[in-house]
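Visitor: Quick one, what's the 3D model for this:
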Amino acid sequence: MGTARKLARLLSTVALIVALSPVAWAQETESGETALIDAVERVRELTRQAQEAAPDPSQAATQAPAETDGQGRPTLEEQVVYSISVSTGRQYEGTFAPRQMDTIYLLADEYAILNVQKTMVYFWPITGEYMADWFGMSEDVPGRLEILQDGEVIQTLERVPYTYYYPSGRTGEQRLYIGDEAIQVYEDYQARFNAYFDAVSAYFVEYQEWQRTMDRLLREVQETGVYKDPSEIPDPPERPSPPVDFAYNPRTAFAVKLPAGRYQLRLRGEDGGIVEGTTKTLEVFKARRSGIGYQVIPEHKWTRRFESNDPSDIFYLDGKRIFYVLPHYAEEYNQYQYVKMRYLHKPLEGEGTRNAWIWAQLAPVTGARLQVLHGGEVVQEVEMKPYYVRQRPGYALGYDIVEFDPKADPALQGRSPSFEAYRVELEGDRTYQLRFVDERGNVLAGSVREVRPIRAPGRLVYAIPLVPLVAGSIVFAWRRWSAGRSPASA
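Guide: This is a model prediction of the structure:
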């Protein structure tokens, strides 16, 4: 993570140079131009070095902290471990299998990146957590990975190049590329990045020339007193923008993709023997059910999203409500296996959940329409649109969610949407159904949700607290009456 922030700061430096260049060059000479171009080249080289040195992002989550004071006294041991990067459907997350963990968990029919490496392993007895010093020591153990089932070798894998690619920046979608595709994706990204730095250098040169032209035109106006025709005034050069995407420098590891089942892993070294400590059990599991998950954003509490993944979930309306829906593909997994897959370096995680199930939201649903039904008839059909959350000005508290349309609302110029979703407005006095349909009108399996109103209890509910009082009064009166008619009282 630190390397990524360092890279972001380098890019910000370049952007700052470009942004301040008109001011800095207002009085610059040709030597100043050369100095700025040299500065851009230095930043280019530093950026390239940072990219090449950036560690695998999946290892950041298990990197031991630089300072361990106040966290107990961890034990430290050099080990041969499995570094693991697994897909959760949305992104790739990292864990690792130290010597003490015998079983590795992976999703069926999804690529996982495994590597056998030598590193320093920390263990905290208090929390029962393992961490690795990847940044201090991370040495690949030579060999080929063997996958066995029922004692027979079914696959022998060599290390292959892989990279993570982010089409819209490091906070957006993440893609895994393997083999020649990984190299091609990184080279394409580097070509765009180099083109950006070339454009920055060219921008400096063009701006200097534009500044000289403007100085000359200004002198002519001052000397002649005749203003120039607007057509004679050149436009300033356009500032270049860095690429929005990002690709990590490719490295090599084992790409594993298997159907559901139980397997064994081991690394056969260059000498033909099995590397000690690399024999592990591999549990590859699949989903029990799949469907469409909802992320729901209530308009009156837009920061408090909630999820609905099970098709049997019911939404309840309290009066007229507006809410926004973000659909995702979802799958239901055994909770123990799913948690162990993500947090194998935390042995206590997932314990006690072997018979529990958990839904995981995967990729967003695209190209679908949301239909609202009442009495079996479609009463609304909603398209996905971008929206912007705008704080109310002045002392007024709250916010407004408006459709993101910079052309209609100049205040949104230069801003980005807060989210994209389906806007639903329902009355709270009837029952509805929500569902998603594809471009052909087919209902997406597992996307139907029922919406019910919260009914008022009626006036009779106010009489319920009086029942014990009335019953008590009757019993008390009956006892008084009975006591008055007894012989003792006579």
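
Visitor: And the contacts of the strand or helix carrying residue 400?
Guide: Per DSSP states H and E, residue 400 falls inside strand 399-403. With CB atoms under 8 Å, 6 or more residues apart in numbering as the test, strand 399-403 has contacts from 299, 302, 324, 385-392, 409, 418. (Glycine included, C-beta is placed from N, CA and C.)

Visitor: That one: which residues count as buried?
Guide: Residues of strand 399-403 classed as buried by neighbour count (16 or more other CB atoms under 10 Å): residue 401.

Visitor: mind listing what the following helix or strand past that strand pairs with, with the direction of each?
Guide: Next helix or strand after strand 399-403 toward the C-terminus (DSSP H and E): strand 419-426. If you go by DSSP bridges, strand 419-426 pairs up with strand 321-334 (antiparallel), strand 385-391 (antiparallel).

Visitor: got these as JSON lines, with mean pLDDT columns?
Guide: Shown next, in JSON lines, are the strands paired with strand 419-426 (pLDDT from 0 to 100):
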{"stretch": "strand 321-334", "mean pLDDT": "94"}
{"stretch": "strand 385-391", "mean pLDDT": "90"}
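
Visitor: Take those and lay them out in a markdown table including distance to residue 481 and mean neighbour count.
Guide: A markdown table is the format used below for these (distance: least, CB to CB, whole Å; neighbours: other CB atoms under 10 Å):
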| stretch | distance to residue 481 | mean neighbour count |
| --- | --- | --- |
| strand 321-334 | 55 | 20 |
| strand 385-391 | 69 | 16 |
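
Visitor: what's the closest of those strands to residue 478?
Guide: strand 321-334 (51.0 Å; CB to CB).

Visitor: need the next SSE after the closest one, C-terminal direction.
Guide: helix 335-342.

Visitor: Can you give the distance from that following helix to the centre of its chain?
Guide: Centroid separation for helix 335-342 versus its chain: 19 Å, with CA atoms, centre = their mean, to the nearest Å.

Visitor: same deal with stretch 182-198?
Guide: Offset of stretch 182-198 from its chain centre (CA atoms, centre = their mean): 24 Å.

Visitor: who touches that stretch?
Guide: The contact list for stretch 182-198 (CB under 8 Å, 6+ apart) reads 14, 40-41, 43-44, 47, 160-163, 165, 177, 240-243, 245-250.

Visitor: Three-state assignment for residue 37, please.
Guide: Reduced to three states with DSSP: H, G, I helix; E, B strand; the rest coil, the structure at residue 37 is helix.

Visitor: Count the neighbours of it for me.
Guide: Counted with other CB atoms under 10 Å, the neighbours of residue 37 add up to 15.

Visitor: i'd like the first residue to be 57 from this point on
Guide: Renumbered: residue one is now 57, and that last one reads residue 93.

Visitor: contacting residues around it?
Guide: 257, 260-261.

Visitor: Going through those residues, which ones are buried?
Guide: For the contacts of residue 93, buried by 16+ other CB under 10 Å: 257, 260.

Visitor: Return the member of the contacts of residue 93 nearest to residue 150.
Guide: Using CB to CB, the contacts of residue 93 come closest to residue 150 at residue 257, 37.4 Å.

Visitor: What strand or helix carries the closest one?
Guide: helix 236-280.

Visitor: List the contacts of the following helix or strand past that helix.
Guide: Under the assignment DSSP H and E, the closest C-terminal helix or strand after helix 236-280 is strand 302-303. The contact list for strand 302-303 (CB under 8 Å, 6+ apart) reads 219-222, 225-226, 241-242, 244-246.

Visitor: domains of the chain?
Guide: Listed by automatic domain parsing, the domain ranges of the chain are 58-110+235-297, 114-223+305-341, 345-509, 514-546.

Visitor: between these, which gets the lowest average pLDDT?
Guide: For the domains of the chain, mean pLDDT drops lowest on domain 514-546, to a mean of 67.

Visitor: In contact with residue 297, which residues?
Guide: Contact analysis of residue 297 by CB under 8 Å, 6+ apart lists residue 252.

Visitor: Ramachandran coordinates for it?
Guide: phi -110, psi 140 (degrees, to the nearest 10).

Visitor: Look up how far residue 337 lies from it.
Guide: Residue 297 is 50 Å from residue 337, where distance means CB to CB, to the nearest Å.

Visitor: same deal with residue 537?
Guide: 81 Å.

Visitor: got it, and residue 188?
Guide: Residue 188 sits 21 Å away from residue 337 when distances are taken as CB to CB.

Visitor: So these two - more neighbours on which side?
Guide: Taking other CB under 10 Å, residue 188 and residue 337 do not tie; residue 188 has more neighbours (24 against 13).

Visitor: Settle this for me: that one is touching residue 120, isn't it.
Guide: Yes - at 6.3 Å, residue 188 counts as touching residue 120 under the criterion of CB atoms under 8 Å.

Visitor: got TSV for the strands paired with strand 475-482, with distance to residue 175 too?
Guide: Formatted as TSV, the strands paired with strand 475-482 follow (distance: least, CB to CB, whole Å):
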stretch	distance to residue 175
strand 377-390	29
strand 441-447	44
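
Visitor: Contact partners for the residue nearest to residue 365 when sequence neighbours are not counted?
Guide: Excluding the flanking residues, the one nearest residue 365 by CB to CB, 6 or more residues apart in numbering is residue 415, at 3.5 Å. Shown in contact with residue 415 (CB under 8 Å, 6+ apart): 349, 363, 365-366, 386-389.

Visitor: 7 Å instead, please
Guide: By CB atoms under 7 Å, 6 or more residues apart in numbering, the contact list for residue 415 reads 349, 365-366, 386, 388.

Visitor: cool, and residue 503?
Guide: Residues in contact with residue 503 (CB under 7 Å, 6+ apart) are 347-348, 491-492.

Visitor: now, which of those residues lie within strands?
Guide: Taking DSSP state E, the ones among the contacts of residue 503 that sit in strands are 347-348, 491-492.

Visitor: Same list (the residues you listed) but as TSV, adding distance to residue 422 and neighbour count.
Guide: What follows is the ones in strands among the contacts of residue 503, written out as TSV (distance: CB to CB, whole Å; neighbours: other CB atoms under 10 Å):
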residue	distance to residue 422	neighbour count
347	16	21
348	12	23
491	16	19
492	11	23
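
Visitor: Would you check which pair of those residues lies furthest apart?
Guide: Among the ones in strands among the contacts of residue 503, 347 and 491 lie farthest apart (CB to CB), at 11.4 Å.

Visitor: Residue 317: what's its closest spatial neighbour, skipping adjacent residues?
Guide: Per CB to CB, 6+ apart, closest to residue 317 is residue 340, 5.6 Å.

Visitor: Next up, the contacts around the nearest residue to residue 454 once chain neighbours are set aside.
Guide: In space, and not counting its chain neighbours, residue 454 is closest to residue 448: 5.3 Å by CB to CB, 6+ apart. Going by CB under 7 Å, 6+ apart, residue 448 touches 454-456.

Visitor: Out of those, which comes closest to residue 526?
Guide: When the contacts of residue 448 are compared for distance to residue 526 (CB to CB), residue 454 wins out at 46.6 Å.

Visitor: burial of that closest one, as a residue count?
Guide: For residue 454, the neighbour count with other CB under 10 Å is 7.

Visitor: what's the spacing between it and residue 479?
Guide: Taking CB to CB, one finds residue 454 at 18 Å from residue 479.

Visitor: ranges for the helices of the chain?
Guide: With DSSP state H as the criterion, the chain has helices at 58-80, 86-109, 236-280, 391-398, 522-540.
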